[in-house]
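**Student:** Have a look; sequence and predicted model below, questions after that.
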Amino acid sequence: MHIVEQVVGMHILRDFRSHRAALFDGIEEGGIRAPAYSSREIHEHENDQAMDSLHDRVSVLKRLTGDIHEEVENHNRMLDRMGNDMDASRGFLSGTVDKFKMVFETKSSRRMASMVASFIAVFLLIYYLTK
């Protein structure tokens, strides 16, 4: 029976050593041994990471460019509307100025305008004195 115990003991010891070797595989004296990757695999991995980073940056720039384009289009439409409104008000104002010129060109109109201005001045004077 003693031989059987020795055989079983050796088998257990061998299993223990193989498990221990598997557990501490890669650890050497003074540090951890790096997995054996080829230089090409490392460079490919770095290139893939760089490409992913560039892809993300390009996507952000594309969205930013689209936002800028949309903002510029909105501002152009707003400026066009403002330009049209300014043209319309310029036409209205020039028509009003032309009417004033016609009123003040005739002598009777001048007399009428001075009389209206006098009445307004007197009205304002009375208003401020009674207040």
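**Tutor:** Perfect, I can see it now.

**Student:** can you tell me which helix or strand Tyr37 belongs to?
**Tutor:** Using DSSP states H and E, Tyr37 sits within no helix or strand.

**Student:** That one - how many residues pack around it?
**Tutor:** 10 (other Cβ atoms under 10 Å). In short, each C-beta sits where N, CA and C put it, glycine included.

**Student:** can you check the one 3 residues further on too?
**Tutor:** Counted with other Cβ under 10 Å, the burial measure for Arg40 works out to 8 neighbours.

**Student:** quick one: it and Phe100, what's the gap?
**Tutor:** 88 Å (Cβ to Cβ, to the nearest Å).

**Student:** The helix ranked longest in the chain: what's the following helix or strand?
**Tutor:** If you go by DSSP state H, the chain has its longest helix at helix 39-105. Going down the chain from helix 39-105, the next helix or strand is helix 107-130, by DSSP H and E.

**Student:** If you count contacts, what does that following helix end up packed against?
**Tutor:** Identification of packing neighbours for helix 107-130 by 3 or more Cβ pairs under 8 Å, 6 or more residues apart in numbering; DSSP states H and E yields helix 39-105.

**Student:** Specify the angle between the helix it packs on and helix 107-130 in degrees.
**Tutor:** 100 degrees (axes from the mean of the first three to the mean of the last three Cα atoms, to 10 degrees).

**Student:** mean confidence for helix 39-105?
**Tutor:** Across helix 39-105, the average pLDDT comes to 89.

**Student:** Lys101: what's it in contact with?
**Tutor:** If you count contacts by Cβ atoms under 8 Å, 6 or more residues apart in numbering, Lys101 has none.

**Student:** oh, and call the first residue 30 from now on, that's how I've got it
**Tutor:** In the new count, where the first residue is 30, that last one comes out as Lys130.

**Student:** So it versus Ser123, what's the distance?
**Tutor:** Lys130 is 10 Å from Ser123, by Cβ to Cβ.

**Student:** Sweet, I'm off.
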